[in-house]
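[1] only geometry, no sequence info:
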């Protein structure tokens, strides 16, 4: 059983034009309701970015979020795009006020809905209208995607950028003229300024669409197109790289301070996620680590923590391999390390009073949702194998983008960034199974379903 691809020129029925706006309204209603019911409205996480934004608004500069402003420690710990957005909102509505945080959460929800629109149309063109509808329904009720916009991190914005890149690279990149290529390069640059971790996939994104159309794109023309994209990308990211060089005297690609991340994920107490090994060495929860940072300075501390992690890896390669396998497992299920840590802490007086046992329940829900989505995604990719020319971007994202996290640390927030992408093949599987089990009538796949 398979579902044939939707062509670009097919007329969209009137009821389909109503469906997507309706699902957007439902998504907004669910996300806003959850914000207020759970008490997260005007709160949310994202302490590092918020602290840097506070320093900016107070005229103190782009300072470390881990130390008081009097240390005047310039930082490279966070990429600048979302920090700048936070600072802009703080400057208008007050620093870390209820209103400013709520505005950021509502912004995240709006961007979240924009992601839904982009991927809905991607599903419609790459797979089928029914898969697109299934995707929209699952998108608005998926626990990860309800949880995602409540956090004041760049994740919702980055996910939107990644979705736009996927759509444009799949359906338009090969036909772009110079202006389109420049715009695409600028989009890649903005995405890196939001989260540079995903830059690892850019060479493939820029080459694969043309390789799939080798008869239409000669090598000379391909080199010219890629050069234009690369130059536009460089125009966006170079000023921030230069800024990082000025404050650190070394080349840092957008975001530095990767040493602490390596150390939190690779130490004798680590479990692969945000559990004991993470909390023990996290700068916001460890006074000892903050004192080291204050004493050493950011560049030296970054190098020292990276050396600690590399020493652990060299001295215990088997342990590193085991941690890596755990991180791979947790990427496709959920942060089992954090879940276990919250469970262990749930009996302490502090956690009873703070209500943090709720986080343990949230972790369980996210693990179950992540595991089920992965299982359905595998089924969906298998059934959609005839549409590989449209789904190459999905495979690329799912294979390449998690690689850095396999080596360092896994977590729900990182996993949630790619959950909408994984949900595309998962929705395809759900649509096929619904048809097979006669939960949908044959009209659900007009001129598309065949056995």
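    Nice, thanks for sending it over. The shown structure was predicted, so the numbers you read here are calculated from the model rather than taken from an experiment.

[2] mind listing what residue 416 touches?
    Taking Cβ atoms under 8 Å, 6 or more residues apart in numbering as the contact definition, residue 416 lies against 144-145, 147-148, 155, 159. Where you see a C-beta, it was placed from the backbone N, CA and C, and this is true even at glycine.

[3] Now these in JSON lines, please, with extra columns for distance to residue 55 and secondary structure.
    Converted to JSON lines, those look like this (distance: Cβ to Cβ, whole Å; DSSP: H, G, I helix; E, B strand; the rest coil):
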{"residue": "144", "distance to residue 55": "31", "secondary structure": "helix"}
{"residue": "145", "distance to residue 55": "31", "secondary structure": "helix"}
{"residue": "147", "distance to residue 55": "28", "secondary structure": "helix"}
{"residue": "148", "distance to residue 55": "26", "secondary structure": "helix"}
{"residue": "155", "distance to residue 55": "22", "secondary structure": "helix"}
{"residue": "159", "distance to residue 55": "27", "secondary structure": "helix"}
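
[4] can you pick the most crowded of those residues?
    residue 159 (29 neighbours; other Cβ atoms under 10 Å).

[5] what does the model give that residue for pLDDT?
    We have a pLDDT of 96 for residue 159.

[6] From residue 340, how far off is it?
    Using Cβ to Cβ, to the nearest Å, residue 159 is found at 27 Å from residue 340.

[7] swap in residue 164?
    36 Å.

[8] if you count what's nearby, which of the two comes out ahead?
    Neighbour count, other Cβ under 10 Å: between residue 164 and residue 340, residue 164 has more, with 19 against 16.

[9] what helix or strand does the more buried one sit in?
    helix 155-171 (DSSP states H and E).

[10] Pretty sure residue 415 sits against residue 370.
    Yes - counting by Cβ atoms under 8 Å, residue 415 touches residue 370, with 6.2 Å between them.

[11] Can you check which residues contact both of those two?
    Joint contacts of residue 415 and residue 370 (Cβ under 8 Å, 6+ apart) are 144, 334.

[12] Contact partners for residue 118?
    Applying Cβ under 8 Å, 6+ apart, the residues contacting residue 118 are 160, 163-164, 166-167.

[13] For it, which non-adjacent residue is closest in space?
    Spatially, and ignoring its direct neighbours in sequence, residue 118 is nearest to residue 163 (4.3 Å; Cβ to Cβ, 6 or more residues apart in numbering).

[14] Next up, the contacts around the one you found.
    115, 118-119, 122, 420-421.

[15] Okay, and the most centrally placed residue in the chain sits in which element?
    By Cα atoms, centre = their mean, the chain has its centre lying nearest to residue 417, at 2.3 Å. Using DSSP H and E, residue 417 sits in helix 412-436.

[16] go on, residue 53?
    Assigned by DSSP H and E, residue 53 falls in helix 47-57.

[17] So for that helix, what gets flagged as buried?
    Residues of helix 47-57 classed as buried: 48-57 (neighbour count, 16 or more other Cβ atoms under 10 Å).

[18] Same question for stretch 308-327.
    Under 16+ other Cβ under 10 Å, the buried positions of stretch 308-327 are 308-309, 312-313, 320, 323-324, 326-327.
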